[in-house]
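Engineer: Next come a sequence and a model predicted from it.
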Amino acid sequence: MRLPSPGTGGTVRTVAAVLAVAMLVSTAGCAGLLSDDGGSASDAAKLDSVPANVDSVAFVDIGGMLEDDALRGIADTYFAELNASSPYYSGPASISEAIADAENDTGLSATQFETVTSFSNASEQVDAESGSFNGALVTSSLSKTELESALTNQTGMTFATETYGNATLWVPESEFASGNVVGWLGDGTFVTGTESAVKAVVDVRAGDAPALSGDLRETFADTRSGYVKFAMNVPQQNLDTGPYASETQFATETLNAVQAVSGALYTEETDIGGVTNVVTNTSSSATNIMQVMQGAISAYELASEEAAAETVDKIEVTSEGTTVTVSYENAASNIEDAIASAYNESGGSSESTTATSSAEATTTSDSSESTTATA
C-alpha cells in the first residue's frame, strides 16, 4: 500500500489529498442499503439543475465529511505519519490544522460550504474542442459579496461582471486566463465551470432547457447513498480506438461491454466503506470482469505488507446478472493501522538504505586509508 509523498504546494491541495486518501482506501464498499442516518445526504444532489446532455454526475457532501469523526481520524493519522516520517514535510499535523490554514488562505470558513454536484460531458463539442463541457453546482452559506471577494482575492485575476438570464456571471478578463466562469444563482448557490456549462445550468433552472433524466439519472438514483456518490456512462465509441485501443481481443471486448459505472463512499458508525458498480451488456462479460478483478486483488494482497494485505482482504468482488460489484467495508481504526504500517514500512526501508549506504561509504574510506598507508 503506497501513500502519496508530500509536496510543497498549497494547503488547499493538501486538504484535497487527505480527502482523496480517505476515498482511495475505501474505494469499494458494502452493497447493502444505508438508512437515512449520517452519510446518506446524497439526496441533496442538485440533479434538477444539471443539464440533460451530460455523461457523468457526482455528488459530495462536504459538510457531512468534515463532521465525520471516522474520516477525520483517518486524515489525522495520515498527517501525523507524514509529519513524523518525512524530514521535508512542513505542513499541518492534523486535519484541523489543514482546514485552519486553508481558511486563513482563503478568508472563508470550511463550514460555509455544504454540497457539490459536478457534471461533465467528455464528448461535447464546444468551440471545436472536446471535453470542454463541465461544471459544478455548490450550495453554501456564502453571500454574493463574500464569493466575489474570495474569487478576486484568491485568483489574482480580474473578472468582468455579466448578466445571463437571472444569474450574475464573473468571467476572467485575461485572454490567457484558464480560470472557470462563476455564476451566482442566489441563496448561497453558485455554479463554476466552462462558460457553456454555466450558462446551460442557468437555462435549466429557468425552464429553458431540459434537466438530467433517463438512464444516467436512474443509475445515480439506484446507487446507494453516501458522502460521495457518482454515476457515469461509458463512451463506447472511444474504447476501441486511439489511446483506448487494446492489443488483445479479450480486453477490447471486455471494455466494450462496460455500459456504466457508479459508486459511493460512506460511513456506518466507526466503519468506512464504499461500493463501485460496473454495468455490462452481458452476464458473461460481467463474469469475466469479476474474475480479472479478483485475480488482481489476490496478486496485490500477496505482494503487500501484513497490515495492507489485511485491508485489501476486505475487498469483495461479486457479479449478479450484468453488474459487477466491488465492495469494501472496514473499521476506521484498521485503515489507520494500515496507513501507519505503510509509512513505517517505507521509513524502515529508507533507514535501511541510508544505513547500508553509510556502511559502504565507511568501508570504502577505510580501504582507501589502508591502501594509502601501505603505499
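Structural biologist: Arrived safely.

Engineer: quick one, helices of the stretch 51-200 of the chain?
Structural biologist: Here the stretch 51-200 of the chain has its helices, by DSSP state H, counting those that start in this stretch, at 62-67, 69-85, 95-106, 144-155, 195-205.

Engineer: what packs against the shortest one?
Structural biologist: Helix 62-67 sits against strand 113-121, with contacts defined as 3 or more CB pairs under 8 Å, 6 or more residues apart in numbering; DSSP states H and E. C-beta coordinates here come from the backbone N, C-alpha and C atoms, glycine included.

Engineer: Send over the strand it packs on as PDB, restricted to the C-alpha atoms.
Structural biologist: Output of strand 113-121 as PDB, limited to C-alpha atoms (Å, rounded to 0.1, in the frame of the first residue of the first chain):
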ATOM      1  CA  PHE A 113     -19.600  25.000   2.100                       C
ATOM      2  CA  GLU A 114     -22.400  22.400   2.100                       C
ATOM      3  CA  THR A 115     -22.600  20.300  -1.100                       C
ATOM      4  CA  VAL A 116     -21.100  20.000  -4.600                       C
ATOM      5  CA  THR A 117     -22.900  18.400  -7.600                       C
ATOM      6  CA  SER A 118     -20.500  18.200 -10.500                       C
ATOM      7  CA  PHE A 119     -21.200  17.100 -14.100                       C
ATOM      8  CA  SER A 120     -19.400  16.800 -17.400                       C
ATOM      9  CA  ASN A 121     -19.700  15.600 -21.000                       C
END
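
Engineer: Can you give me the buried ones in stretch 214-231?
Structural biologist: For stretch 214-231, the neighbour count (16 or more other CB atoms under 10 Å) marks 216-217, 219-220, 223-231 as buried.

Engineer: pLDDT averaged over stretch 166-179, what's the number?
Structural biologist: Here stretch 166-179 scores 79 as its mean pLDDT.

Engineer: before we move on, what about stretch 331-342?
Structural biologist: Rounded mean pLDDT across stretch 331-342 is 88.

Engineer: phi, psi of the closest residue to V278 other than its chain neighbours?
Structural biologist: Take V278 and drop its neighbours on the chain: the residue closest to it by CB to CB, 6 or more residues apart in numbering is V324, 4.3 Å away. As for V324, its main-chain torsions (degrees, to the nearest 10) stand at phi -100, psi 130.

Engineer: I'd like the buried residues of stretch 214-231 as TSV, with secondary structure and pLDDT appended.
Structural biologist: Output for the buried residues of stretch 214-231, formatted as TSV (DSSP: H, G, I helix; E, B strand; the rest coil; pLDDT from 0 to 100):
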residue	secondary structure	pLDDT
L216	helix	95
R217	helix	96
T219	helix	94
F220	helix	95
T223	coil	94
R224	coil	93
S225	coil	92
G226	coil	94
Y227	coil	94
V228	strand	94
K229	strand	95
F230	strand	95
A231	strand	96
